[in-house]
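K.L.:
Got a sequence here, can you build the structure:
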Amino acid sequence: MSEQENDGNQSDAFPGSALPRELTKRAEIKLADLQARKAEILKKMQKLRYLANNLAGRRQTAHQNEPAFPEQGSRSGVEVPRLLRTGNGKLRRACRIALMECEDGQTSAQIYERIEKRGSACFHEYRDPLQSLVNELETMARDGEVLCSHAGQEELWNLNRA
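P.N.:
Sure, this is the predicted structure:
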């Protein structure tokens, strides 16, 4: 009888051995699925990194001089110190110097030429130097440093001497 009991125990063991195989197979399928999803996510992350770096470069050149904090008189009512609102100190200084040299209003192209002539700022780091200059002039206007007037299609910039 002991042999029959052993045979019975072995036959009971065989049906049970199918369960671990099935579980292993399911786990392998899930693992393969997860690895495929991981690969997709990594591709998406790579695309997002590329876009973020590309946009960061554009933002740096196109919006480099926009203040990172709300302006004076904003809804929050908190005055942000001037140093925290400035974008590019060298470009701002170069704009200020170029505007001091002339009493009349100047276009952004004229200011750009004056800065280039003086060499008071380097524009080689910008993708669109003229747009960066205009952004800085607009920031200076929001800060009350310069005045902008319109003559036809052109914007004329003057130093606020008040």
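K.L.:
buried ones in the helix or strand hosting residue 97?
P.N.:
Per DSSP states H and E: residue 97 is located in helix 89-100. Buried positions in helix 89-100, judged by neighbour count with 16 or more other C-beta atoms under 10 Å: 91, 92, 94, 95, 97, 98, 99. Bear in mind the C-beta positions are built from the backbone N, C-alpha and C, glycine included.
K.L.:
what does the average pLDDT come to for it?
P.N.:
For helix 89-100, mean pLDDT is 89.
K.L.:
now stretch 146-153
P.N.:
Mean predicted confidence for stretch 146-153 is 85.
K.L.:
tell me the SS of residue 35?
P.N.:
Three-state assignment for residue 35 (DSSP: H, G, I helix; E, B strand; the rest coil): helix.
K.L.:
any idea how far residue 42 is from it?
P.N.:
The gap separating residue 35 from residue 42 is 10 Å, by C-beta to C-beta, to the nearest Å.
K.L.:
Skipping adjacent residues, who's closest to residue 156 in space?
P.N.:
Leaving aside its chain neighbours, residue 156 sits nearest to residue 105 (3.0 Å; criterion: C-beta to C-beta, 6 or more residues apart in numbering).
K.L.:
count of residues packed around the one you found?
P.N.:
By other C-beta atoms under 10 Å, the residues close to residue 105 number 19.
K.L.:
do the same with residue 41
P.N.:
If you count neighbours by other C-beta under 10 Å, residue 41 ends up with 10.
K.L.:
which SS class is the nearest residue to residue 149 once chain neighbours are set aside?
P.N.:
Distances taken as C-beta to C-beta, 6+ apart place residue 156 nearest to residue 149, at 4.9 Å, with adjacent residues excluded. Using three-state DSSP, the structure places residue 156 in strand.
K.L.:
Tell me the pLDDT of residue 156.
P.N.:
Note on residue 156: pLDDT of 89.
K.L.:
That one contacts residue 148, correct?
P.N.:
Yes: taking C-beta atoms under 8 Å as the definition, residue 156 is a contact partner of residue 148 at 7.1 Å.
K.L.:
which stretches of the protein have low pLDDT?
P.N.:
1-16, 56-87 (pLDDT under 70).
K.L.:
any idea where the strands of it begin and end?
P.N.:
Secondary structure of the chain (DSSP state E): strands located at 146-151, 154-159.
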